[in-house]
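> Just the structure for this:
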Amino acid sequence: MQITQILANLVAEALESAQATGSLPAAGEVEIKIERPKLAEHGDFSTSLPLTLVRTMRVPPIQIATAIVDAMPQHEM
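Numbering: from 1, shown residues only. Sure thing, here's the model as predicted:
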């Protein structure tokens, strides 16, 4: 499995967990894209998921991102 797929699965798991605990509202089915940022100082990988969920969830993107990060499961990477 590629690293981007592993990361997408972890983000999906974190999103589901945040929704299950009530940290985020339901969003239905979403496509999670993991990309490499154009600028190296922005990290190794990124996702625009919080920005794409704003309209559906009606929650600020920083709140969505924080909830996903807080719910992110540990991984041996």
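> dump the residue contacts of Ile32.
When the contact criterion is CB atoms under 8 Å, 6 or more residues apart in numbering, the partners of Ile32 are 8, 11-12, 15, 47, 49. Every C-beta, even on glycine, is put in place using the N, C-alpha and C of the backbone.
> Keep only those of these that are in helices.
Filtering these for membership in helices, criterion DSSP state H, returns 8, 11-12, 15, 49.
> May I see those residues organised as CSV, with distance to Ala71 and neighbour count added?
What follows is these, written out as CSV (distance: CB to CB, whole Å; neighbours: other CB atoms under 10 Å):
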residue, distance to Ala71, neighbour count
Ala8, 15, 18
Val11, 10, 22
Ala12, 11, 15
Leu15, 7, 23
Leu49, 13, 22
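> Give me the most central residue, the chain.
A centroid search over the chain (CA atoms, centre = their mean) returns Val11, at 4.3 Å, as the residue closest to the centre.
> Return the distance of it relative to Ile3.
13 Å (CB to CB, to the nearest Å).
> likewise Thr47?
Look at Thr47 and Ile3: by CB to CB, they are 13 Å apart.
> Same question for Ala26.
Applying CB to CB, the value for Ala26 to Ile3 is 28 Å.
> swap in Pro73?
When CB to CB is applied, the distance between Pro73 and Ile3 equals 16 Å.
> Could I get the pLDDT score of the closest residue to Pro37 other than its chain neighbours?
Taking CB to CB, 6 or more residues apart in numbering as the measure, Pro37 lies nearest to Ser46, with 4.8 Å between them; neighbours along the chain are not counted. At Ser46 the predicted local confidence, pLDDT, stands at 96.
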